[in-house]
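Participant: Quick check, what structure comes out for this input:
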Amino acid sequence: MKKGWQEKSVGDILQLEYGKPLDESDRKPNGRYPVYGANGEKDRTDKFYHDKPSIIVGRKGSAGEVNLTEKKFWPLDVTYFVTFDEKQHDLQFLYYLLTTLELTKLAKGVKPGINRNEVYSQTTRVPPLAEQQRIVGLLDEAFEGLATAKANAEKNLQNARALFESHLQSVFTQRGPGWVEKKLEDIADSDCSLSYGIVQPGEEFDEGMPIVRPTDLTTKVIRLGGLKRIDPKLAGGYKRTALQGGELLLCVRGSTGVVSIASPELAGANVTRGIVPIRFNRSLLLPEFGFYLISGGPVQSQIRGKTYGTALMQINIRDLRLISLSIPPLTEQKAIAAKLDSLHEKTQRLARLYERKHAALEALKKSLLHQAFTGAL
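Facilitator: Numbering: from 1, shown residues only. Alright, predicted model coming up:
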């Protein structure tokens with residue numbers, strides 16, 4: 001162990017104090033001090049319980065999550081807040097220390113919570129105060145650089161997405177000659193009923209029939225990998241929504257308007273109640289153009305206008321059938337789709353690059369924290 005460092009239990013370093021309940025009568029919209037819950041979110045009140053910056057650790061709900069607080073705050077009863085000897089330990093150092101202990105793994109129960117005695121029993125290594133402050137300075141500087149790098153990567157991705165959305169918007173608002181207006185039901189293929197999928201898909205069924213759910217619509221093309229499989233008998237009454245591959249899969253429940261394309265390997269699969277498969281009459285509309293047409297502002301605006309509900313947003317099939325679509329000639333559809341495909345792929349490349357960079361930065365951050373608390377920094 002590095003000279004001057006000592007191995008201690010967390011309970012020898014700090015104490016986790018219980019937060020206090022706050023009556024609704026204490027809440028005021030223009031109060032002076034923030035109220036901290038387990039997830040670090042803040043309301044306002046005109047009272048405070050603790051009058052110095054501290055660290056909040058989720059006790060219930062967001063159990064084990066660690067956050068720094070402001071100077072004066074009211075810790076709610078779903079939290080612990082940290083007290084310690086300021087002559088021996090640095091607040092920021094203890095914050096970094098607690099983040100390395102992965103306290104969320106200590107959460108137990110149906111409504112996950114952590115017991116502070118289990119936190120106290122964790123062991124770690126701690127240097128003298130001056131060394132703590134030196135480490136904090138190094139980590140703060142390093143993390144500031146990492147945050148800047150992450151922000152720059154995110155900005156590049158946002159710019160690419162904005163460029164794509166701008167081009168998509170211009171395509172469907174600046175229509176040229178030969179464009180015609182048609183209802184969705186009029187351009188659907190004759191064997192496409194525009195129907196909801198399986199209402200009760202049941203439990204996972206080994207080697208069963210793949211099924212696409214609204215939560216699966218996260219990429220342009222949906223493939224077999226990762227899809228839930230169900231008992232094929234449950235799809236007996238839903239042959240109208242059986243997939244052939246190549247359909248547009250439109251979410252009509254929850255995140256209405258989200259759309260993906262079923263890959264050819266999904267032939268024979270099905271969808272749940274929240275998705276309507278759409279097969280177009282290819283003499284009127286190419287599916288590769290249809291994806292962007294449905295994703296575009298004019299159609300999305302109509303979908304939002306017809307979406308209803310509070311706890312669960314949805315759109316009726318009746319309203320969906322009457323959605324109006326502006327369609328150019330087939331040759332123009334092909335050219336537009338090719339250009340949008342190119343822009344979309346560039347955006348996706350940047351998204352993949354951002355994800356890789358984000359993962360690398362998080363790994364570097366974790367590595368720096370590991371070095372800091374093993375005396376290698």
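
Participant: And the residue nearest the centre of the chain, how close does it get to Thr347?
Facilitator: The chain has Thr218 as the residue nearest its centroid, 10.5 Å off, counting by C-alpha atoms, centre = their mean. Distance of Thr218 to Thr347, computed by C-beta to C-beta, to the nearest Å: 15 Å. All C-beta atoms are positioned from the backbone trio N, CA, C, and that covers glycine.

Participant: can you tell me which residues contact the residue nearest to the centre of the chain?
Facilitator: Ser260 (C-beta atoms under 8 Å, 6 or more residues apart in numbering).

Participant: secondary structure class for it?
Facilitator: In three-state terms, and counting by DSSP: H, G, I helix; E, B strand; the rest coil, Thr218 is coil.

Participant: Got the confidence number for it?
Facilitator: Thr218 is assigned a predicted lDDT (pLDDT) of 91.

Participant: The one 10 residues further on too?
Facilitator: The predicted local confidence for Lys228 comes out at a pLDDT of 94.

Participant: Over to it: give its phi and psi.
Facilitator: phi -70, psi 150 (degrees, to the nearest 10).

Participant: That one is in contact with Pro214, isn't it?
Facilitator: No - applying C-beta atoms under 8 Å, one finds Lys228 not in contact with Pro214, separated by 11.9 Å.

Participant: what packs against the longest helix along the chain?
Facilitator: As assigned by DSSP state H, the longest helix anywhere in the chain is helix 129-173. When contacts are defined as 3 or more C-beta pairs under 8 Å, 6 or more residues apart in numbering; DSSP states H and E, helix 129-173 packs onto helix 91-100, helix 287-295, helix 297-306, helix 330-372.

Participant: And the average pLDDT for that helix is what?
Facilitator: For helix 129-173, mean pLDDT is 85.

Participant: returning to what we had before: more neighbours, Lys228 and Pro214?
Facilitator: Pro214 (22 against 18; other C-beta atoms under 10 Å).

Participant: could the helices and strands packed on helix 129-173 be laid out in JSON lines, adding mean pLDDT, mean neighbour count and distance to Gly145?
Facilitator: Shown next, in JSON lines, are these (pLDDT from 0 to 100; neighbours: other C-beta atoms under 10 Å; distance: least, C-beta to C-beta, whole Å):
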{"stretch": "helix 91-100", "mean pLDDT": "92", "mean neighbour count": "20", "distance to Gly145": "16"}
{"stretch": "helix 287-295", "mean pLDDT": "91", "mean neighbour count": "21", "distance to Gly145": "37"}
{"stretch": "helix 297-306", "mean pLDDT": "92", "mean neighbour count": "16", "distance to Gly145": "38"}
{"stretch": "helix 330-372", "mean pLDDT": "85", "mean neighbour count": "15", "distance to Gly145": "10"}
